[in-house]
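# need a 3D model of the following:
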Amino acid sequence: MPGHVTDPLTAGDRARTATADPGDTIGDIGEALDQAGRRTWRLCTTCRSPYAPPVPPPDDLTLTQHDSAEAADLMDELCDAYADAYGTVPGEDTREKSSAFRERATAALQAVNYSLLTARVSGRLVGFAFGYSLRPERGWWDGLSPEPPEGFTEETGSRTAVLAEISVRRAW
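This next block holds a predicted model:
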């Protein structure tokens, strides 16, 4: 039975799909994908899956930095992009996953030096990342083995930045 290989860079309503038969080589799959509209496909050296190499960003890509007040106003959009980025697993309640993200993301708004970076193409949110300063009382470094040198784990509230979340829609 033939399988399908979908171009991960143009998934969703713009998907280009090619048919591949069991036993096809990367060349066969690449040729099928080329015919479906992509020029270059490579084989992952780790998992042996075909993938498309990165493409240059579109001309209308906009990156914007937001503080916590602005980020709060974007929470519905962030949750939508997060849900799309992580997709669905059969039998999984996606509302639960999105709700858990909303709780984490909302709690993060209170963190010192919180910052959100959004990426938009044609006005649509296609990805985001946010982070903040690590709190001194967080205990992030507790339990390191071997024991680090004295002073290594002392946090000031501004010494260490945490990249807490990064999400990119599956089509990107």
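
# alpha carbons only for contacts and neighbour counts from here, please
Will do.

# map the structural domains onto the sequence of this structure.
3-51, 61-168 (automatic domain parsing).

# worst mean pLDDT among those?
Ranked by mean pLDDT, those end with domain 3-51 in last place, scoring a mean of 49.

# can you map out the helices along this structure?
According to DSSP state H, the chain carries its helices in the segments 26-35, 68-73, 75-86, 94-108.

# okay, these in a markdown table with mean neighbour count next?
Converted to a markdown table, these look like this (neighbours: other Cα atoms under 10 Å):
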| stretch | mean neighbour count |
| --- | --- |
| helix 26-35 | 18 |
| helix 68-73 | 15 |
| helix 75-86 | 18 |
| helix 94-108 | 14 |
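
# CSV for the ones you listed, including distance to Leu117?
Shown next, in CSV, are those (distance: least, Cα to Cα, whole Å):
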stretch, distance to Leu117
helix 26-35, 33
helix 68-73, 9
helix 75-86, 11
helix 94-108, 13
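
# and of these, who's closest to Trp140?
Closest approach to Trp140 among the helices of the chain is made by helix 94-108 (15.4 Å; Cα to Cα).

# counting contacts, what elements does that closest one pack onto?
helix 75-86 (3 or more Cα pairs under 8 Å, 6 or more residues apart in numbering; DSSP states H and E).

# okay, the angle between the helix it packs on and helix 94-108?
130 degrees (axes from the mean of the first three to the mean of the last three Cα atoms, to 10 degrees).

# hey, which strand is longest across the protein?
strand 124-133 (DSSP state E).

# buried residues in that one?
125-133 (16 or more other Cα atoms under 10 Å).

# pull up the distance across stretch 135-144, start to finish.
By Cα to Cα, to the nearest Å, the extent of stretch 135-144 from end to end equals 17 Å.

# list the buried residues for that stretch?
Arg135.

# got it, and stretch 117-124?
Neighbour-count burial for stretch 117-124 [16+ other Cα under 10 Å]: 117-119.

# so what touches that stretch?
Residues outside stretch 117-124 that contact it (Cα atoms under 8 Å, 6 or more residues apart in numbering): 58, 60-66, 125-130.

# now, which of those residues sits nearest Ala171?
Val126 (8.4 Å).

# the closest one touches Asp84, doesn't it?
No - counting by Cα atoms under 8 Å, Val126 stays clear of Asp84, with 9.5 Å between them.

# any residues in contact with both of these two?
Common neighbours of Val126 and Asp84 (Cα under 8 Å, 6+ apart) are Arg169.

# so Glu154 versus Arg120, what's the distance?
37 Å.

# partners of Val162 in the sheet?
Beta-bridge pairing of Val162 under DSSP bridges involves Tyr132.

# who touches it in this structure?
131-134.

# chain neighbours aside, what residue packs nearest to Thr106?
Spatial nearest neighbour of Thr106, excluding adjacent residues (Cα to Cα, 6 or more residues apart in numbering): Ala72 at 7.2 Å.
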